[in-house]
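Student: pasting a predicted model and its sequence here:
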Amino acid sequence: MSAITTSTTGAGERFAGAGFGTRLSEAMAARGPLCVGIDPHVGLLQRWGLPDDARGVREFSLRVVEAVAGQVAAVKPQSAFFERYGSAGMAALEETIAACRAADLLCVVDAKRGDIGTTMDGYADAFLGKDSTLAGDAVTLSPYLGFETLRPAIDAALATGRGVFVLALTSNPEGAQVQHALADGVPVAALIARQAAAANAVEIEAGAPLGSIGLVVGATVGSAARHLGVDLGAVRGPLLAPGVGAQGGGAAQIRDVFAEALGAVLPSSSRDVLRAGPDAGDLLAAAQAINEELRHAVAG
Ligand SMILES: O=c1ccn([C@@H]2O[C@H](COP(=O)(O)O)[C@@H](O)[C@H]2O)c(=O)[nH]1
């Protein structure tokens with residue numbers, strides 16, 4: 001890994017090598033846009049003939065990594081499905097992250113963290129710290145204690161060449177109650193997008209194709225971004241789009257939601273790929289079919 005360098009912008013330390021946004025942009029161009037979600041639901045473990053315990057999720061996750069490495073842009077382990085087994089489950093998550101690193105496969109840890117002050121420092125150390133075993137290439141964050149509370153994580157990401165995805169317009173219908181609400185006349189989701197754009201300015205000015213501060217915008221949100229004035233094109237960071245497959249999103253929805261920012265979209269699908277397992281060839285075939293459809297969709 002390249003050395004960490006000190007910024008001249010006064011905004012803290014900056015990673016000297018390619019940041020997450022640049023690495024993700026290259027991976028999407030080379031392998032297609034798909035991110036495969038690693039969600040070891042109990043039902044999937046059963047279907048794969050694996051036990052409902054930490055050994056089961058470990059085996060499940062390592063098989064997914066091995067099947068799709070080199071073939072898709074990224075994977076996204078869902079932390080909840082590891083946390084439910086306590087420390088042994090977290091060890092399985094650490095092994096999954098390490099396997100991604102060894103396979104040169106970008107790993108977004110879907111942990112949706114967010115808290116105040118020094119607690120957020122702790123989350124930043126855990127999921128974005130230079131030598132942390134829980135740090136993938138990026139982590140999902142919740143901004144609902146205020147976007148600025150995420151600053152320690154944003155600074156850590158920029159200092160270590162990692163990234164973050166901040167929840168803006170989530171794929172679930174209940175999200176609208178908070179995300180569409182007005183704060184001083186501006187929809188909350190639009191404010192979050194503006195703040196992400198500001199956080200990407202330094203990397204973009206330095207010539208990165210994408211900044212490292214991304215948003216989560218579900219593939220299922222339809223015209224919400226347009227109607228709320230959420231300027232996805234102005235974010236200039238990656239846009240993680242869960243909801244492909246089991247939640248009803250597909251290529252057509254991706255084109256509709258992200259019309260102005262298709263080059264930045266990282267569509268994510270978990271169950272739709274995983275139910276093709278446990279055979280590695282079947283898993284890969286399912287991922288490739290979805291990846292191809294999405295590749296055409298984002299090509300315009
Ligand atoms: O807005 C969001 C944010 C995160 N997720 C997560 O993505 C996967 C979706 O799984 P599927 O099986 O493809 O539906 C899951 O881990 C969610 O927690 C999301 O769905 N929506």
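Tutor: That came through, no problem.

Student: quick check: buried residues in the longest helix seen in the chain?
Tutor: Counting residues, the longest helix found in the chain (DSSP state H) is helix 280-299. Residues of helix 280-299 classed as buried: 283-284, 286-288, 290-291, 293-295, 297-298 (neighbour count, 16 or more other Cβ atoms under 10 Å). Every C-beta, even on glycine, is put in place using the N, C-alpha and C of the backbone.

Student: check which helix or strand residue 26 maps to.
Tutor: helix 20-31 (DSSP states H and E).

Student: which is the next helix or strand following that helix?
Tutor: strand 35-38.

Student: up against the ligand, what does this structure have?
Tutor: Those residues of the chain that sit near the ligand, judged by Cβ under 6 Å from any ligand atom, are 37, 39, 78, 110, 170-171, 216, 218, 242-243, 245-247, 268-271.

Student: just the ones of those residues in strands?
Tutor: 37, 110, 216, 242, 268-269 (DSSP state E).

Student: just send the residues you listed back as TSV, with neighbour count and pLDDT too.
Tutor: Formatted as TSV, those follow (neighbours: other Cβ atoms under 10 Å; pLDDT from 0 to 100):
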residue	neighbour count	pLDDT
37	24	98
110	24	99
216	28	98
242	28	98
268	29	98
269	29	98
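
Student: now do residue 33 against residue 131, distance only.
Tutor: 30 Å (Cβ to Cβ, to the nearest Å).

Student: residue 271 - nearest residue in space that isn't next to it in sequence?
Tutor: residue 246 (4.1 Å; Cβ to Cβ, 6 or more residues apart in numbering).

Student: tally of neighbours for that neighbour?
Tutor: Residues near residue 246, counting by other Cβ atoms under 10 Å, number 16.

Student: over to the one 5 residues further on?
Tutor: Using other Cβ under 10 Å as the criterion, residue 251 is surrounded by 18 other residues.

Student: my read: it touches residue 297, true?
Tutor: Yes - counting by Cβ atoms under 8 Å, residue 251 touches residue 297, with 3.8 Å between them.

Student: what helix or strand is residue 211 on?
Tutor: Residue 211 belongs to no helix or strand, assigned by DSSP H and E.

Student: pLDDT value on it, please?
Tutor: In this model, residue 211 is scored at 98, pLDDT.

Student: excluding its backbone neighbours, what's nearest it?
Tutor: Looking at residue 211 with Cβ to Cβ, 6+ apart, the closest residue is residue 200, at 2.7 Å.

Student: mind checking how far the one you found is from residue 74?
Tutor: 18 Å.

Student: which parts of the chain are helices?
Tutor: 20-31, 42-47, 54-68, 80-83, 86-102, 117-128, 151-160, 176-179, 188-205, 224-228, 232-235, 251-257, 271-274, 280-299.

Student: how about the ones you listed in TSV, adding mean pLDDT?
Tutor: Listed next are those as TSV, based on pLDDT from 0 to 100:
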stretch	mean pLDDT
helix 20-31	98
helix 42-47	98
helix 54-68	98
helix 80-83	98
helix 86-102	98
helix 117-128	97
helix 151-160	98
helix 176-179	98
helix 188-205	98
helix 224-228	97
helix 232-235	98
helix 251-257	97
helix 271-274	98
helix 280-299	97
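
Student: how about those helices in TSV, adding distance to residue 138?
Tutor: Formatted as TSV, those follow (distance: least, Cβ to Cβ, whole Å):
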stretch	distance to residue 138
helix 20-31	6
helix 42-47	24
helix 54-68	16
helix 80-83	17
helix 86-102	11
helix 117-128	8
helix 151-160	7
helix 176-179	20
helix 188-205	13
helix 224-228	21
helix 232-235	15
helix 251-257	19
helix 271-274	19
helix 280-299	19
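
Student: figure out which of those helices is closest to residue 14.
Tutor: helix 151-160 (5.7 Å; Cβ to Cβ).

Student: need the contact partners of the closest one.
Tutor: Contacts with helix 151-160, where a contact means Cβ atoms under 8 Å, 6 or more residues apart in numbering, come from 4, 11-15, 19-20, 113, 120-121, 123-125, 127-130, 135, 138-139, 141, 162-164, 199, 202-203, 212-213.
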